[in-house]
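*Asks:* Quick one: sequence and predicted model below, then my questions.
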There are 2 protein chains.
Amino acid sequence: MSDVTDLAVTAALLGDPARAAMLQALMDGRALTAKELAFAAHVSPQTASGHLARLTEASLLSVAAQGRHRYFRLASPAVAEMVEAIMAVASQTRPEPRRTAWKGGEALRTARTCYDHIAGRLGVAIADRLIEREHVVLTADGGEVTESGLGFLVGFGAAPEPGKRIFCRPCLDWSERRPHLAGRVGAAIACRCFELGWITRLRDSRAVAITSAGHSGLADTFGI
Amino acid sequence: MSDVTDLAVTAALLGDPARAAMLQALMDGRALTAKELAFAAHVSPQTASGHLARLTEASLLSVAAQGRHRYFRLASPAVAEMVEAIMAVASQTRPEPRRTAWKGGEALRTARTCYDHIAGRLGVAIADRLIEREHVVLTADGGEVTESGLGFLVGFGAAPEPGKRIFCRPCLDWSERRPHLAGRVGAAIACRCFELGWITRLRDSRAVAITSAGHSGLADTFGI
DNA sequence: CCCACGCTTCGGCCGCGGCCGAAGCGTACC
DNA sequence: GGTACGCTTCGGCCGCGGCCGAAGCGTGGG
């Protein structure tokens, strides 16, 4: 048994609007309190508490108690990847492009964080450039940084940290439907871009803005 | 709104045990009838019919009516990827890793039958060679055999039989996640390979073994 | 020490949705 | 034409699970 049971119970956890909203709110990798998540999901604190307990129990979230607050965050990059994969299918499903473009929707598509790396048009563009220059090679479910790529990253100040996490892998971008860079390499690039002030987080959103320094920097470095 | 709603409704579709079982049954890329899927999900035909209608409505499945049967299959590779991503998280949750790659798993990935054609690494390799040599052209949901391809197939002794079945189409390979050849052309090639004694079926399994004659024959004919 | 606050647990309400029996529609085969 | 079969639709039953009010527990601060 029961690969099938596992699939169903895990998917059912994401199938509730309140829990889905909470996971979305955590998609940028930050840690939020139970109350903040209750607000994000539009439910009362006690309802949220129940949902959070179930998500934590299933290891989709990890929790850290601190004083009288409890901070929840996604348990692993795999969870973020799963959510993005579902979004990719869900957005494909959507019949008409739905022109409404609610406040910030366009910004989300331009550039956003996906757990700890960059997604949206910017993320895809960066991946494209690196592939074009043969700094990385992406396959269906893995990727490698070439010799020249490693040199480039070091020069950029984004040498990926050593660790057991997967080095470099593609992550399907739900808005662009093309892969962007995830893994340690994607995280290092995103981190460096924040460090250089090329991009900044927008309030209450996973969207990020590209600063004017970012526009020139990205043009110089990546040709974007 | 409602990226979050989309996420929830799509996930909810996978969150039901019966629907999850159906999707799992389709993960190898084959097309199954409503009745077969009802059996796989352990529900009555009328219950299955309802589930299949919802999955099709949401574009997770595509359906092809043929005579008095209706064949369901995954609508796109993205759906398969989504299911795999969820399985990745679900299995991560599971405490004990439980024996990886059960007996014969590797053989299944090397070469297996997919209805009446060849899948696995061998199936994908054959498709790749034929595309590379411009003997076939594959599109998202169909395919054509070129002039030179037809000559090649006839010379190989695998002239596809006439009939109303779809001539040539790609079939997503579950283990390789890339298309292999299905349809009458795929069937003819597989049939000829069995005929030449290049491959033989293994007992109680969809896996096939490549014989020594097969190794040299495949190298000569397809350059594999 | 007491209160404010964040979070959780408990209990009960209620609606959504899965399930199957029965019936209807269309195709295939004799 | 008749029959068998695959599939779908309809209707009604029923249980799971989401929701909130009230109450309980622990921490921090005045």
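*Replies:* Here it is on my side, so go on.

*Asks:* Longest helix in chain A, please.
*Replies:* Counting residues, the longest helix found in chain A (DSSP state H) is helix A:77-93.

*Asks:* How far does the helix or strand just after that helix sit from its chain's centre?
*Replies:* Next in sequence after helix A:77-93, counting helices and strands by DSSP states H and E, comes helix A:105-110. Put simply, helix A:105-110 sits 14 Å off its chain's centre (Cα atoms, centre = their mean, to the nearest Å).

*Asks:* re the thing from before, what average pLDDT does the longest helix of chain A get?
*Replies:* The pLDDT scores in helix A:77-93 average 86.

*Asks:* tilt between it and helix B:77-93?
*Replies:* 150 degrees (axes from the mean of the first three to the mean of the last three Cα atoms, to 10 degrees).

*Asks:* Run a quick check on A:M27 versus A:P77, I expect a contact.
*Replies:* No - judged on Cβ atoms under 8 Å, A:M27 makes no contact with A:P77 at a distance of 11.1 Å. (C-beta placed from N, C-alpha, C; glycine too.)

*Asks:* Find the residues that touch each one of these two.
*Replies:* Here A:M27 and A:P77 have A:Y115 as joint contacts, going by Cβ atoms under 8 Å, 6 or more residues apart in numbering or on different chains.

*Asks:* The helix or strand of chain A with the lowest mean pLDDT: what's the following helix or strand?
*Replies:* Within chain A, no helix or strand scores below strand A:169-172, which has a mean of 64 by mean pLDDT, DSSP states H and E. Using DSSP H and E, the helix or strand that directly follows strand A:169-172 along the chain is strand A:179-182.

*Asks:* CA-only coordinates of the helix or strand following that following strand in PDB, if you can.
*Replies:* Once strand A:179-182 ends, the next helix or strand along the chain (criterion: DSSP H and E) is helix A:183-195. The C-alpha trace of helix A:183-195 is given here as PDB (Å, rounded to 0.1, in the frame of the first residue of the first chain):
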ATOM      1  CA  GLY A 183      18.500  24.800  -5.300                       C
ATOM      2  CA  ARG A 184      21.600  26.200  -3.700                       C
ATOM      3  CA  VAL A 185      22.600  28.000  -6.800                       C
ATOM      4  CA  GLY A 186      19.300  29.800  -7.200                       C
ATOM      5  CA  ALA A 187      19.400  30.700  -3.500                       C
ATOM      6  CA  ALA A 188      22.900  32.200  -3.800                       C
ATOM      7  CA  ILE A 189      22.000  34.300  -6.800                       C
ATOM      8  CA  ALA A 190      18.800  35.600  -5.100                       C
ATOM      9  CA  CYS A 191      20.700  36.300  -1.900                       C
ATOM     10  CA  ARG A 192      23.400  38.300  -3.800                       C
ATOM     11  CA  CYS A 193      20.700  40.300  -5.700                       C
ATOM     12  CA  PHE A 194      19.100  41.400  -2.400                       C
ATOM     13  CA  GLU A 195      22.600  42.200  -1.000                       C
END
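
*Asks:* list the helices and strands the helix or strand just after helix A:183-195 packs on?
*Replies:* Once helix A:183-195 ends, the next helix or strand along the chain (criterion: DSSP H and E) is strand A:199-201. The contact analysis (3 or more Cβ pairs under 8 Å, 6 or more residues apart in numbering or on different chains; DSSP states H and E) places strand A:199-201 against strand A:208-210.

*Asks:* mean confidence score for the helix or strand following the strand it packs on?
*Replies:* With elements assigned by DSSP H and E, the helix or strand that comes after strand A:208-210 is helix A:212-222. For helix A:212-222, mean pLDDT rounds to 90.

*Asks:* With stretch A:14-27 instead?
*Replies:* Mean pLDDT, stretch A:14-27: 94.

*Asks:* What lies in contact with it?
*Replies:* Here stretch A:14-27 makes contact (Cβ under 8 Å, 6+ apart) with A:13, A:32, A:36-37, A:40-43, A:47-48, A:51-52, A:54-55, A:60-61, A:72-74, A:79-80, A:82-83, A:86, A:113-115, A:206, B:3-5, B:7-9, B:11-15.

*Asks:* Keep the residues you listed, but drop any that are not near DNA strand C.
*Replies:* Restricting those to those within reach of DNA strand C (Cβ under 7 Å from any atom of the strand) leaves A:48, A:52, B:12.

*Asks:* my read: the last one touches A:A12, true?
*Replies:* Yes - assessed by Cβ under 8 Å, B:A12 is found in contact with A:A12 at 7.3 Å.

*Asks:* which stretches of chain A have low pLDDT?
*Replies:* Filtered on pLDDT under 70, chain A yields the residue ranges A:1-2, A:93-105, A:139-143, A:161-178, A:203-204.

*Asks:* re the thing from before, could you tell me which of the contacts of stretch A:14-27 are located in helices?
*Replies:* Taking DSSP H, the ones among these that sit in helices are A:13, A:36-37, A:40-41, A:47-48, A:51-52, A:54-55, A:79-80, A:82-83, A:86, B:3-5, B:7-9, B:11-14.

*Asks:* Quote the end-to-end distance of stretch A:199-210.
*Replies:* Start to finish, the residues bounding stretch A:199-210 are 5 Å apart (Cα to Cα, to the nearest Å).

*Asks:* what about the residue sitting nearest the centre point of chain A, distance to B:A125?
*Replies:* With distances taken as Cα atoms, centre = their mean, the residue of chain A nearest its centroid is A:C114 (1.2 Å). As judged by Cβ to Cβ, to the nearest Å, A:C114 and B:A125 stand 33 Å apart.

*Asks:* Next: A:E147.
*Replies:* Going from A:E147 to B:A125 by Cβ to Cβ gives 29 Å.

*Asks:* I'm done for today, thanks for sticking with me.
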